[in-house]
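S.K.: pasting the sequence and the predicted model now:
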Amino acid sequence: MLKPGPRNLITDVPGLLVGCVEDEAARTGTTIVLCPEAWTAAVDVRGGGPAVRETDTLRPENSFSKAHAICLSGGSVFGLGAADGATAALSARGHGLRLSPGTPAIPIVPSACLHDLANGGDKAWGLTPPYRELGMKAVAAASADFPLGSVGAGRGAMAGTRKGGLGSASIDLGDGLIVGALVAANPIGSPYMADGETFWAWPFEIDGEFGGQRPGDLAAAIEPIPDDSKLAARLKAGANTTLALVATTADLSTAEAQRMAMMAHDGMARAVRPAHTPFDGDVVFALASGAVALGADPMRRLLLAKIGSAAADCLARAIARAVFEAAR
């Protein structure tokens, strides 16, 4: 039986650090994932209303499809300012590209944000949204250990009509291959089956990591988007999203990392019903440290498929953990 890494967090992929900070008055927050040595990176956007920054930088045909950090934040488009703060903080540490001697380091910090503007917090920030400061604080707070639930980018999140949050999970595939996932879950769809207690992701649960609840009967055929007044208020393009990052120790190319991100989206669809709607901005980033060589084809492609499948399972588990921990 495969097992998670020692933390059951994305930071079981060695070299990654995660920082989570919140603004309690505004009921929002930011999460930063640091890989200062510039890891191979990719992204796959499938939602109908994304709020993103520097995603085109990660396209395989571009000259530097790597990242020094990935930033996830609340705040919709205002939250993109968190990447400004993270970029400044990383540059001050000397992390980033050096194009000319004596010039500042240029960190590449792709970012995606979720919509938490209607959650009742104080959003009267005028010309000074809090996100740039949150981005700097998140860099300072980065650690191998971090909390789950209503924290960081998941502070103001909802999942259907229930509290969403920040979740993470990992799996050790052996021979040094480790896969991890991090998610800020704010989908319009529900993570729960018809009983309102069992997670759709239950078949992928390991060691009761999100409560161990099992369905009493076969899953009922239920309305994907029920007639619910609380949910109706969120049926606006871009007002919901699931933001995710999957990472591995493998030596993936940018195109292979993008395939991992694409496969990981299946985990989102397993854990949330419905997913990838016109109202969501669903995004999956991917990072690869390059620590473990996969070798040549055909074994390389087989291992890539194995990594992508594990990324999908980890993402499904991370979504359920986000909601489970937020409800505790």
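M.R.: That came in fine, so what should we check first?
S.K.: in the protein, which spans are strands?
M.R.: Using DSSP state E, the strands of the chain run over 17-23, 28-45, 52-53, 66-73, 111-113, 158-159, 162-163, 165-174, 177-186, 241-250, 283-292.
S.K.: identify the residues contacting S253.
M.R.: Residues counted as contacts of S253 (C-beta atoms under 8 Å, 6 or more residues apart in numbering) are T40, P60. Where C-beta positions appear, they are placed from N, C-alpha and C, glycine not excepted.
S.K.: could you list everything G149 pairs with in the sheet?
M.R.: L166 (DSSP bridges).
S.K.: in CSV: the strands of the chain, plus distance to H276, mean pLDDT and mean neighbour count.
M.R.: CSV is the format used below for the strands of the chain (distance: least, C-beta to C-beta, whole Å; pLDDT from 0 to 100; neighbours: other C-beta atoms under 10 Å):
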stretch, distance to H276, mean pLDDT, mean neighbour count
strand 17-23, 25, 98, 23
strand 28-45, 10, 96, 26
strand 52-53, 15, 95, 20
strand 66-73, 18, 98, 30
strand 111-113, 15, 97, 31
strand 158-159, 15, 94, 26
strand 162-163, 19, 94, 18
strand 165-174, 18, 98, 25
strand 177-186, 14, 98, 30
strand 241-250, 9, 96, 30
strand 283-292, 11, 98, 24
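S.K.: quick check: phi and psi at the closest residue in space to G212 that isn't next to it in sequence.
M.R.: Distances taken as C-beta to C-beta, 6 or more residues apart in numbering put E205 closest to G212, at 6.9 Å, once the chain neighbours are dropped. Phi and psi for E205, reported as degrees, to the nearest 10, are phi -70, psi 140.
S.K.: Q213 is nearest to which of the strands of the chain?
M.R.: Nearest of these to Q213, taken as C-beta to C-beta: strand 162-163 at 13.9 Å.
S.K.: so the residue nearest to E22 when sequence neighbours are not counted versus M1, what's the distance?
M.R.: Nearest residue to E22 in three dimensions, chain neighbours excluded: G29, at 3.8 Å (C-beta to C-beta, 6+ apart). Using C-beta to C-beta, to the nearest Å, we find G29 at a distance of 35 Å from M1.
S.K.: low-confidence ranges in this structure?
M.R.: Where the chain drops to pLDDT under 70, the residues are 218-239.
S.K.: can you tell me the centre-most residue of it?
M.R.: Taking C-alpha atoms, centre = their mean as the criterion, A244 is the residue nearest the geometric centre of the chain, at 2.2 Å.
S.K.: wait, it touches V284, no?
M.R.: Yes - using C-beta atoms under 8 Å, A244 makes contact with V284 at a distance of 4.6 Å.
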